[in-house]
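>>> following is a predicted model, sequence given first.
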Amino acid sequence: MKMSEGESDTCLELALEGEKLCKSGKCRDGVAFFEAALQSGTDDFRTLSAIYSQLGNAYFYLGDYVRAMQYHKHDLTLARTMGDRLGEAKASGNLGNTLKVIGKFEEAVICCRRHLEICREHKDRVGEGRALYNLGNVYHAKGKHMGRLGHQDPGEFPQEVKSHFEKAVEYYEKNMVLMVEIQDRAAQGRACGNLGNVHYLLGDFAKAIYYHLERLKIAREFTDRSAERRAHSNLGNANIFLGEFEKAAEHYKQTLLLAQELGDRAVEAQACYSLGNTYTLLKDYPTAVDYHLRHLKIAQELYDKVGEGRACWSLGNAHNAMGNSEKAYEYATRHLEIAKETGDRMGQATAQVNLSELAKNLGIPDGQPAKKDVDLSPKATRRKSMEHMEMIKMTPDSKSKDQEGGDDPANQSGNKSDLLDDEEDFFDFISRFQSKRMDDQRCSLAEPLDADKNHKSAKMNGVPAKQKEELIGGQPSRLNEQRAPWSVLPGLTRAKQPEILQRLSVASTDKDSLPDDTFFEQLMKMQGTRIEDQRSSLPGEETVSAPTIPDEDFFSLICRIQGGRIDDQRASLPGGGAWPDQPQVNGHSKTSDI
């Protein structure tokens, strides 16, 4: 039965309204219209492909990555059946981005490379640039993910992690060359920002500053305030690591002004936090206190308990440096309370160390909390607290434990996506072998053992022949009813379903399209990781939201300052060196993706 023209028009109208809503930022409302369009149905493959793509992008924006991947897979399948190579490239790129976000880096590389191959094949320069940029993103994200596990400082990552960053630089540079050729300034700005971020992680801070200055210049050309704000923040971070604290403070002040202009309270708090830490490094403690108080106020407004605890820790250190031990003791006590409240074990340990030192200074006899109350297990996540870095600096045992914990065998496997170069390998990887995993989860219909046969026959002996026949005959139909329809694309009219099934059947029975043994070997390795992904996390590994704290920061510098202050309070041996005015730069700082 052919679809009426009115029904087809309804589907298209609903889809166009959904697109309009998504473009205006109302993605949730847009999704409702797209879903309604699918309910209405269409027999136009290109309309359906556009709906799948838009729905996938909308769900991606809303953070529902499972549904985003589902619709991008539908789009990919439809593009293949239509023989739409550029549509396949687009769907592959979207699928690669989604896989990257959920941490499936190997599969993301495969999709992004497929995107790149097809765009080059069709001389699509814009598409090629996007594919190169996406590949850089995947390697960049994979390196950052692996780097977080060991808590290393920029420039101090293991070679395996550095190799991913170097691969990201390679793709970003190729993207940059292409964007210069086609004179796309906005894309050049994005490439500069990411090149600055990767060089920062590789420890080449001078090169990072060069690219972030270029990013800032292009952002100003487009009056892109958000990009300007990110560029200033990243320039502040890189200058910190070069020991240029005054320059860093100027960039953070610009970050603060732009955050206020944009009305972003969380980023405003982050800028105040960075300025407080910078002025601590400059030993301008009264100014540091002012900024940390501003950070504390916003953290309380936004109910950010982790940020509030961090502000109390910073304020305690600054007051102690100014000789106000009583005020420092108050803030350290509050820090301990918040650390216990948020379950931050390392925060508790740090607060107790600080309280112990302050209690001695104040002559409080029982000021030191009992050590048995604190669990020093290294289960606390990095986002929960960065105070554990102080313990790493102060206690060699903790440092060695942290280094041992950083060697995650799950990340030792190299990138083997080079094995999937054939065109049909990619399609089989995405679609045909997905059904194989579903079959594996069904119970076996193999013949039972003879003993079982006899046992069941004995049970059935008392059943009348007609009833026995009904029971046996009814089983297959009930099983079939419980199975989902194979390869049915939502929104496609029934009249078109046989055509899709026939095309897919032809693709799956083509002997030339079958992948070789290396493909199966790689696929099995990647499927093994999915079992781990389905397991629940151990207690204490959940990330606590901390919107007013940068993801990473130059915390270890503050720890060095604090350690120096404690040393200054001790009697010096003859010939002992004083704490330098500008310590050796080594620690964490936030890098924002552009």
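Arrived safely, thanks for sending.
>>> and residue 224, backbone torsions?
Reported as degrees, to the nearest 10, the phi and psi values for residue 224 are phi -90, psi 90.
>>> for the nearest residue to it once chain neighbours are set aside, what are its contacts?
Using C-beta to C-beta, 6 or more residues apart in numbering and skipping the chain neighbours, the partner closest in space to residue 224 is residue 189 (7.7 Å). Just so you know, the C-beta spots here come from the backbone N, C-alpha and C atoms, and that holds for glycine as well. Contact partners of residue 189, counting by C-beta atoms under 8 Å, 6 or more residues apart in numbering, are 214, 215, 218, 219, 222, 224, 227, 594.
>>> residue 209 now?
Counting by C-beta under 8 Å, 6+ apart, residue 209 has contacts 196, 235, 238, 239, 242.
>>> next, the buried residues of the one helix or strand residue 100 maps to.
Residue 100 belongs to helix 85-101 when assigned by DSSP states H and E. Buried residues in helix 85-101, counted by 16 or more other C-beta atoms under 10 Å: 85, 87-100.
>>> farthest-separated two in these?
Of all pairs drawn from the buried residues of helix 85-101, the greatest distance, 22.7 Å, lies between 85 and 100 (C-beta to C-beta).
>>> wasn't residue 203 part of a helix?
No: read with DSSP: H, G, I helix; E, B strand; the rest coil, residue 203 is coil and lies in no helix.
>>> in this protein, what helix or strand scores lowest on average pLDDT?
Least confident helix or strand, the chain: helix 388-394 with a mean of 34, by mean pLDDT, DSSP states H and E.
>>> still on that earlier bit, closest one of the contacts of residue 209 to residue 303?
residue 235 (30.5 Å).
>>> mind telling me what element the residue nearest to residue 224 is part of?
Assigned by DSSP H and E, residue 189 falls in helix 185-201.
>>> right, and the helix or strand after that helix?
With DSSP H and E, the next secondary element past helix 185-201 is helix 205-221.
>>> any idea of the angle the next helix or strand after that next one forms with helix 185-201?
Next helix or strand after helix 205-221 toward the C-terminus (DSSP H and E): helix 225-241. Helix 225-241 runs at 20 degrees relative to helix 185-201, counting by axes from the mean of the first three to the mean of the last three C-alpha atoms, to 10 degrees.
>>> OK, contacts around residue 137?
Here residue 137 is in contact with 97, 100, 168, 194 (criterion: C-beta under 8 Å, 6+ apart).
>>> save those as a markdown table, and put in pLDDT too.
Below are the contacts of residue 137 laid out as a markdown table (pLDDT from 0 to 100):
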| residue | pLDDT |
| --- | --- |
| 97 | 94 |
| 100 | 94 |
| 168 | 96 |
| 194 | 96 |
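>>> would TSV of these with distance to residue 246 be doable?
Formatted as TSV, these follow (distance: C-beta to C-beta, whole Å):
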residue	distance to residue 246
97	39
100	38
168	31
194	27
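>>> ok, so of these, who is nearest residue 62?
When those are compared against residue 62 (criterion: C-beta to C-beta), the nearest one is residue 97, at 14.5 Å.
>>> what strand or helix carries the closest residue to the closest one other than its chain neighbours?
Residue nearest to residue 97 in three dimensions, not counting chain neighbours: residue 134, with 6.2 Å by C-beta to C-beta, 6+ apart. Residue 134 is part of helix 125-150, with elements assigned from DSSP H and E.
>>> buried ones in stretch 238-246, by neighbour count?
Neighbour-count burial for stretch 238-246 [16+ other C-beta under 10 Å]: 238, 239, 240, 241, 244, 245.
>>> and which of the residues you listed is nearest to residue 274?
residue 240 (8.5 Å).
>>> surely that closest one touches residue 249?
No: if you go by C-beta atoms under 8 Å, residue 240 and residue 249 don't touch, sitting 9.5 Å apart.
>>> who touches both of these two?
Joint contacts of residue 240 and residue 249 (C-beta under 8 Å, 6+ apart) are residue 278.
>>> sorry, back to before: out of the contacts of residue 189, who has the most neighbours?
Counting neighbours by other C-beta atoms under 10 Å, residue 215 leads the contacts of residue 189 with 29 neighbours.
>>> so that one versus residue 65, what's the distance?
28 Å (C-beta to C-beta, to the nearest Å).
>>> repeat for residue 286
Residue 286 is 47 Å from residue 65, by C-beta to C-beta.
>>> so between those two, which is more surrounded?
Applying other C-beta under 10 Å to residue 286 and residue 65 shows that residue 65 carries more neighbours, namely 18 against 9.
>>> relative to residue 59, how far out is the closest residue to the more buried one other than its chain neighbours?
Closest residue to residue 65 apart from its sequence neighbours, by C-beta to C-beta, 6+ apart: residue 102 at 5.1 Å. Residue 102 sits 12 Å away from residue 59 when distances are taken as C-beta to C-beta.
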